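Visitor: missing the sequence, but the structure's below:
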């Protein structure tokens, strides 16, 4: 039996025939669409490496069946930059050395973008820490990650102000 | 920036600093923030099949039955590889061709020697099918009782500990020292098993192209792994290509080849197609090494005034039933405090676990938390401030050997770290500080130390006709920043700007860079690159100075300096010519040179070589509930020359957070009856999350070390853990007045009982 | 994960019909069910994906003032619903202290009510577990059980319910709306979960095929909004299950407690409502000794089920702390670290 799932991935519409209902969004991205920027660290919702945006909200793609998301818009790390223009969160991660091995980084960045979309943290580092606690980093780049998120938030706020 | 290389090899004349020493952002940052950095499991060659491990749920016994038919009947399953049908290996996985060859399981028989040992591999068209196929094998076992725990079996004195250190080492007479000591303490400290838990699970994509084997797998030792695979598969090393451009964390766990990598290669051989095998997170708690649990007995004797007279550090450790690796937990005591008498002893038990192996700061991480705790306990017994006590017992020479240190700026670390932290405001008495909300506040510190090692590595440098450079070494970037730091060394070694040099690393067909471990990679490969650069510049200089048409004719090699892509005369800097011009005139497309980085035996004989640091921590503890939060940390480190301060800071801060983890969080919990780890997942094997980590400050103090290697690099990858774990533990004791000696500190230890 | 049949109904009626088949399970966001399936702890033959049923995604205030939360409302959406968080702050705080932001964005209200225990022996399919395999025994009893139950446990099972959300729901008399193939019924949240007794496999009162469609918080629960907290003790400061948690709500007039609500998490197979303690608090002044008496009453029946005796004094201190925090007043803004004992400390960390 085949199932059809329609997804928009990084702005591009896909109609996918799945021969197996077990395929998670994570495995769909990595193994079938070959968008391997999204990482599998635990496959059980316990590390955050697989974080992507679904309709603008950050979720763990490992604990979501692809079939459940019919009609959804997915944004992965590959879809964040506009051409050569990095997203402010990406820029800030480099500037603050908010990464070491880089394996958790796509998840950290997508989570940070999700956090900023949620608008709950403000400029409070403590709220950023809490808001980013769903993303483990064994290299422990946490200090740089908090700095980067705050920096990116300030950049985005500035852009918004200039646009207004 | 004007990269400059003096052709004289006298280190005192080297003028690095153009690229070296700059706080550059990591050059692989762009790839990593865009998802373009390719880790092993990200590869999907055409025709790929998926392999999934089936692992044992018993810790000892044999596999009696597997339902291979059920697995094969599952749609999509292509093959099931078991001990009955796996392709042959050229040599025995239980053989021991060299001390770095650790025994492993590759389905060589039906024995089970630890829980989570691979017992079969299911290969399928999809990951989903392979995963379910592995579940359908429903193994039956003939199980024997598991031996788990540091009292599980008779203890024995291991032949050696760590990499060949004696299991008993005495300097002076500790018993006599204790007999004469006015203050004595004896305390037992326990640390649990630790698992690396790199964010990237071990993975391999293996493809056979006839006799040639091409694999993508994360490794901290490309050429060593290639040699091991060559011997196992009976093929020439040149017929194996290993690609490992990025490791998603190593921490020692990817230093040695592990069984599942071999199984992935065997699976590819069996089905004649490329195979991807990725260990599931829970499967990482077994065949990939871990840190042994320790039970350490510290006995200290001191004068009433706080002068240490003797330290006896005994460690009970564990190894597996089938292999020997002994965590050298006590050895830190030989190098840190100036006690006239020092003894370290070990005993060990065999357990039904995977073989414990290298985990970030092997030996020193558990050893340091015990020693730093005990030193604090002695300081308290003597009524001294913990830092004052450490300064009073400062080792001017290495205590056990009497050797001078090649460099040791620990005193500056103490001074500057204490200053930044505000340490001297600390009340001596425990449980006397509270914040305005009533939380207990404690300040603790610890001394950090790690040996300054070098292994052996090679590099090749090329100057091309356009004046640009290429530097090659099969180095490994597991997050420490090799792509950046070694490129900085490479650019300076060729006297070029960073963007004029192509740095190649991360594959096994490049010059052997040795192993990325022991905090020695930058020192080893950096030295090799430095020497390779000098060699190629020397060749250029020979071309120029022997050619009458060159403005450098007759200057002699020693009379020439390389600067900014040109060779110039030392005695007349206005005269010189570019690399490109030299090559053009010589009619050469390129010149190359090789260099190696190896430790200098004479210097090692003469000097004790260690990095040092001082870590200060503040914790808050809920007086009723016992929950702990680290609220502030400052670390000051002396680690010789710093190639890239920005990346080094990240390494040090990351290490300090591992220290928090060791003191407060991480622990593998094993059911002693079954031998299974009950928290083999990231939900319940706690590593710190962002909310556990305060705004940590780490900095380095200036330290010039002319003896460790030509560049003066000591390494920073592991030192951050040492000292930090003890600092946190000591801060908890200072906050609460309760000394916890079994780590990690738990809520059950600190909750108010009455 | 086993292969399963997958259906995606558009209405509750279709869903219930589809779930009538043996071996069927409802799939909402999957944050718990898919985890269990990946561990082979459960192997449903059919998944009835209810995520497209729009009627279950609403938060509405009913004519009688009750708030009705559709079963598919996401945890984060409920917690960040401004009027809900204002009226039921302890519920919002509990939601925000659970799991991670990513999981809260996905996890649903109904799913949270039904999440399974984190007992490692339940998860480990090679271990004996009466909950997973009735009659097989309980390896937790003599195993690694420092996190296990101290209230309401039995020799057959000492597992705890891991939900944060359920704790204030139990305290504030939430009601669960359930639909089955032939009937619609309501049960108090407090009665939704069952203690293990000799049948730990029976975790709640839902019958096969029944679907939770909504949770209601009674209008009266708003009366506690000015004095309501949820506190949670954890071995790490976020993204960890509770060792012990407590939800407390007070109605205070002139320094005197008119009404009290108290429930505990992490101590039993269900969210543990402490009625005796509530009764004892009513009419008393909001003072530490009163809270201590209440805590004693709440834990009168507590006893260790293993290496977990520390959880009893811990629960006692936490009850006192939660009551004191509630008495002090609901914070004007959600604490930076929701439910953390350290949440009272603005700028606990040095953010130089």
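Guide: Received the coordinates, thanks. Keep in mind that what you see is a predicted model, and the values were worked out from it rather than measured.

Visitor: quick one: average pLDDT of stretch B:636-655?
Guide: Across stretch B:636-655, pLDDT averages out at 97.

Visitor: and that stretch, does that touch chain A?
Guide: Yes: judged by Cβ under 8 Å from any Cβ of the partner chain, stretch B:636-655 and chain A are in contact via B:646, B:647, B:649, B:650, B:651, B:653, B:654, B:655. Heads up, the C-betas are built off the backbone N, CA and C, glycines and all.

Visitor: quick check: the third one vs residue B:481, distance?
Guide: Spelled out, that is residue B:649. Going from residue B:649 to residue B:481 by Cβ to Cβ, to the nearest Å gives 11 Å.

Visitor: more neighbours, those two?
Guide: Neighbour tally, residue B:649 and residue B:481, criterion other Cβ atoms under 10 Å in any protein chain shown: the higher count belongs to residue B:481, 28 against 23.

Visitor: and the pLDDT at the spatially most central residue of chain A?
Guide: Nearest residue to the geometric centre of chain A (Cα atoms, centre = their mean): residue A:110, 2.3 Å. On the pLDDT scale, residue A:110 is placed at 98.

Visitor: three-state assignment of it?
Guide: Following DSSP: H, G, I helix; E, B strand; the rest coil, residue A:110 is assigned to helix.

Visitor: leaving out chain neighbours, which residue sits closest to it?
Guide: residue A:51 (4.5 Å; Cβ to Cβ, 6 or more residues apart in numbering or on different chains).

Visitor: beta partners of the one you found?
Guide: Under the criterion DSSP bridges, residue A:51 forms beta bridges with residue A:60.

Visitor: what number of residues lie near it?
Guide: Residue A:51: 32 neighbours (other Cβ under 10 Å).

Visitor: state the distance from it to residue A:112.
Guide: 9 Å.

Visitor: kindly report the same for residue B:401.
Guide: 49 Å.

Visitor: tell me, what residue is most central in chain C?
Guide: Taking Cα atoms, centre = their mean, chain C has its central residue at residue C:166, 2.3 Å away.

Visitor: list the contacts of the closest residue to residue C:240 other than its chain neighbours.
Guide: Among residues not flanking residue C:240 along the chain, residue C:234 sits closest, at 4.1 Å (Cβ to Cβ, 6+ apart). When contacts are counted by Cβ atoms under 8 Å, 6 or more residues apart in numbering or on different chains, residue C:234 touches B:627, C:240, C:241, C:242, C:243, C:340.

Visitor: how far away is the fourth one from residue B:44?
Guide: In this structure, residue C:242 and residue B:44 are 41 Å apart, going by Cβ to Cβ.

Visitor: returning to what we had before: I figured the residue nearest to residue A:110 was touching residue C:102, is that so?
Guide: Yes: with contact defined as Cβ atoms under 8 Å, residue A:51 and residue C:102 form a contacting pair (5.5 Å).

Visitor: residue in the stretch 451-600 of chain B nearest to chain C?
Guide: With Cβ to the nearest Cβ, the shortest gap between the stretch 451-600 of chain B and chain C falls at residue B:479, namely 21.5 Å.

Visitor: contacts only, for that residue.
Guide: Residue B:479 touches A:99, A:100, A:101, A:102, A:139, B:247, B:248, B:249, B:250, counting by Cβ under 8 Å, 6+ apart.

Visitor: any idea how far residue A:97 is from it?
Guide: Counting by Cβ to Cβ - residue B:479 and residue A:97 are separated by 11 Å.

Visitor: anything in the helix ranked longest in chain A near chain C?
Guide: Counting residues, the longest helix found in chain A (DSSP state H) is helix A:142-163. No: Helix A:142-163 lies apart from chain C when judged by Cβ under 8 Å from any Cβ; the minimum separation is 8.7 Å.

Visitor: circling back: looking at residue C:242 and residue B:44, which one has more neighbours?
Guide: Between residue C:242 and residue B:44, counted using other Cβ under 10 Å, the more crowded position is residue C:242 (28 against 15).

Visitor: A helix includes the more buried one, no?
Guide: No: counting by three-state DSSP, residue C:242 is not part of a helix but coil.

Visitor: so what's the residue nearest to the centre of chain C scoring on pLDDT?
Guide: 98.

Visitor: likewise for residue B:411?
Guide: The model's pLDDT for residue B:411 equals 98.

Visitor: isn't it up against residue B:387?
Guide: No: with contact defined as Cβ under 8 Å, residue B:411 and residue B:387 do not form a contacting pair (11.1 Å).
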